[in-house]
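Engineer: any chance you could fold what I've pasted below:
(one chain, ligands or ions: 1)
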Amino acid sequence: INDSNGLPKVILTEPGGSSAEVLLYGGQVVSWKNDRREELLFMSTKAILRPPKAIRGGIPICFPQFGNFGSLEQHGFARNRLWAIDTSPSPLSPTNSMTTLDLILKSTEEDSKTWPHCFELRLRVSLGPGKLTLIPRVRNTDSKPFSFTFALHNYLSVSDISEVRVEGLETLDYFDNLQQKERFTEQADAITFDGEVDRVYLSTPTKIAIIDHEKKRTFELRKEGLPDAVVWNSWDKKAKALPDFGDEDYKYMLCADSAAIENPIVLKPCEEWRGRQELSTVSSSYFSGQ
Ligand code: TA6
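Structural biologist: Numbers count the residues shown, from 1 in each chain. From the prediction side, this is the model:
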């Protein structure tokens, strides 16, 4: 179906009552609702859902470049392209009891002007009770190797950023985007927010927890093949500077991305890279254990 802006959209539902919405534009998940119809992903109140602008919210796919870590446009071009339903997904283990959508983006002549490589970028989106799984794959369909950086740019919805803690990144090294990408080491307790944060954590553990006290909700982010994690909140000043971001929006979002940034992924001809990310939410019972 088409969304209100005429953009082709696929709606996924599963018997447990949760749902997700995916735009073919950008291959972007733009909504993930739990069985109580609560929206779990953030969408900017001033998001521009009109090509060629990137949509500020949901889960933008950053490929073939994360951020400004290279010469391409910010976060690469995959999120600004029209993807297609993948009718021939190369074999993936069936995601049992999950509702699944396979999308594909193939390189074009146009793209090869700015990034001279042939590729097939696939994304499997699978919805299960309380869980949203994304499996990105990149195949080198060229005759020469290429490298890329990648991120699933998760805009999570939170009740109040000053009530959010991130656990799992303690003591790790990170690049600080606010200090010329200089390398620092995180201190030994959970990350909390009282100002702009824009960091790339390196070689992170498989599981990261984003705890939203007020909503009594914890997001668990599990990832494979995506060794780094990005944590970003614009805070007030930068929010005002971004035209497609409401001035107050920063209070209700946190970007916690699965990424491969420090060590770009290198593919030989015909090789395929695969990543995996599972986002799940744990209800308030999680807190009783604290
Ligand atoms: O999350 C890291 C980052 O590169 C930040 O520096 C900020 O620019 C954010 O991504 C948002 O990027 P976007 O292109 O979605 O505005």
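Engineer: near the ligand, which residues of the protein show up?
Structural biologist: Ala54, Arg56, Gly67, Gln74, His75, Asn177, Asp198, Val230, Trp232, Cys255 (Cβ under 6 Å from any ligand atom). Heads up, the C-betas are built off the backbone N, CA and C, glycines and all.
Engineer: between those, which has the most around it?
Structural biologist: Val230 (26 neighbours; other Cβ atoms under 10 Å).
Engineer: what about the chain, any weak spots by pLDDT?
Structural biologist: By pLDDT under 70, the weakly predicted segments of the chain are 94-97, 284-290.
Engineer: before we move on, back to that, in strands only, show me the residues of the chain next to the ligand.
Structural biologist: Counting by DSSP state E, the part of those found in strands is Asp198, Val230, Trp232, Cys255.
Engineer: from Ser90, how far out is the residue lying closest to Ile265 once chain neighbours are set aside?
Structural biologist: If the residues on either side of it in the chain are set aside, Ile265 comes closest to Trp273, at 5.1 Å by Cβ to Cβ, 6 or more residues apart in numbering. Between Trp273 and Ser90 the distance is 13 Å, computed by Cβ to Cβ, to the nearest Å.
Engineer: can you check Pro145 too?
Structural biologist: From Pro145 over to Ser90 (counting by Cβ to Cβ), the distance is 20 Å.
Engineer: what does Gly128 give?
Structural biologist: Distance from Gly128 to Ser90, counting by Cβ to Cβ: 22 Å.
Engineer: tell me which of those two has more neighbours.
Structural biologist: Taking neighbours as other Cβ under 10 Å, Gly128 and Ser90 compare with Gly128 leading, 19 against 11.
Engineer: check contacts around the nearest residue to that one once chain neighbours are set aside.
Structural biologist: Distances taken as Cβ to Cβ, 6+ apart place Met98 nearest to Gly128, at 4.5 Å, with adjacent residues excluded. Contacts for Met98 (Cβ atoms under 8 Å, 6 or more residues apart in numbering) come out as Glu14, Ser126, Leu127, Gly128, Lys131, Thr133.
Engineer: pretty sure the first one is in contact with Leu127, am I right?
Structural biologist: Yes: Glu14 lies in contact with Leu127 (Cβ atoms under 8 Å); the separation is 5.0 Å.
Engineer: who has more neighbours, the two?
Structural biologist: Shown here are Glu14 and Leu127; by other Cβ under 10 Å, Leu127 has more neighbours (24 against 18).
Engineer: need the three-state assignment for the more buried one.
Structural biologist: Under DSSP: H, G, I helix; E, B strand; the rest coil, Leu127 falls in the strand class.
Engineer: please tell me how far it sits from the ligand.
Structural biologist: Leu127 sits at a distance of 24 Å from the ligand (criterion: Cβ to the nearest ligand atom, to the nearest Å).
Engineer: sorry, back to before: any residues in contact with both of Trp273 and Ser90?
Structural biologist: Common contact partners of Trp273 and Ser90 (Cβ under 8 Å, 6+ apart): Arg137, Arg139.
Engineer: before we move on, the earlier item: tell me the helix or strand right after the host helix or strand of the residue nearest to Ile265.
Structural biologist: Under the criterion of DSSP states H and E, Trp273 resides in strand 272-274. Sequence order places strand 276-282 as the next helix or strand after strand 272-274, per DSSP H and E.
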